[in-house]
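Chemist: A structural model of the following input is requested.
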Amino acid sequence: MHDDHFPPRGRLPASMTIRGVSIEHADGTETFDHNGIVEFLAMRVEEARALRAVPFVTSVLSGRPALRYRTHDVEIPLTADEIAGLVGTELCPTEYVALRGRFGTFFEIHDDFYDPATGGAFQPKGLRTGFEEAEHGPGGP
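Modeler: Alright, predicted model coming up:
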């Protein structure tokens, strides 16, 4: 599943089943399957936004205090809204390129979801919209 030009790299060990996804936060860990995390981020936005960052962990995308997103082969420090962007296949091109550059291609950013040449998302799910509306109200900033 990886792109030969962007092979897996810079990954932290994370032992999980291939179907498992978890979000580590300051108060514990939430564990999901791939459908469950979509439901959590879509239907329980306020609960997801309330997860407290892991102490001394910062997002690889924004540098803000972060949670740890884990799957069977990748562990990425991201904020809750960045996780929504990753899971919802709606990263902006600069975020896509930054993750691919640091971790190589992995399931959430492979070429069924993003154009490898531009970083554009093919079918965003709209999960991030819920985070933006919760923060700024309908219509965004």
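Chemist: okay, CA-based contacts and neighbour counts for the rest of this
Modeler: Fine.
Chemist: Any stretches of this structure with poor pLDDT?
Modeler: Counting by pLDDT under 70, the chain has low-confidence residues at 1-4, 7-19, 136-141.
Chemist: where along this protein do the strands fall?
Modeler: 20-25, 28-33, 67-70, 75-78 (DSSP state E).
Chemist: Distance to L51 and mean neighbour count for the ones you listed - can I get that in CSV?
Modeler: What follows is those, written out as CSV (distance: least, C-alpha to C-alpha, whole Å; neighbours: other C-alpha atoms under 10 Å):
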stretch, distance to L51, mean neighbour count
strand 20-25, 6, 20
strand 28-33, 9, 14
strand 67-70, 8, 23
strand 75-78, 12, 23
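Chemist: Of those strands, which is nearest L99?
Modeler: L99 lies closest, by C-alpha to C-alpha, to one member of these: strand 75-78, at 8.8 Å.
Chemist: Quickly run through the sheet partners of that closest one, with directions.
Modeler: Strand 75-78 has these partner strands in its sheet, going by DSSP bridges: strand 67-70 (antiparallel).
Chemist: Quick one: the strands of the chain as TSV, columns for distance to L127 too.
Modeler: As requested, the strands of the chain are arranged in TSV below (distance: least, C-alpha to C-alpha, whole Å):
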stretch	distance to L127
strand 20-25	16
strand 28-33	16
strand 67-70	16
strand 75-78	15
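Chemist: shouldn't G88 be in contact with T129?
Modeler: No - in this structure G88 lies outside contact range of T129 using C-alpha atoms under 8 Å: 9.8 Å.
Chemist: what residues do the two have in common as contacts?
Modeler: Jointly contacting G88 and T129 under the rule C-alpha atoms under 8 Å, 6 or more residues apart in numbering is no residue at all.
Chemist: how about the helices in this protein?
Modeler: With DSSP state H applied, the chain shows helices at 34-43, 45-49, 80-87, 93-103, 127-136, listed in chain order.
Chemist: How far off centre is stretch 45-52?
Modeler: The chain centroid and the centroid of stretch 45-52 are separated by 14 Å under C-alpha atoms, centre = their mean, to the nearest Å.
Chemist: In it, which residues are buried?
Modeler: By neighbour count on 16 or more other C-alpha atoms under 10 Å, the buried set for stretch 45-52 is 45, 48, 51-52.
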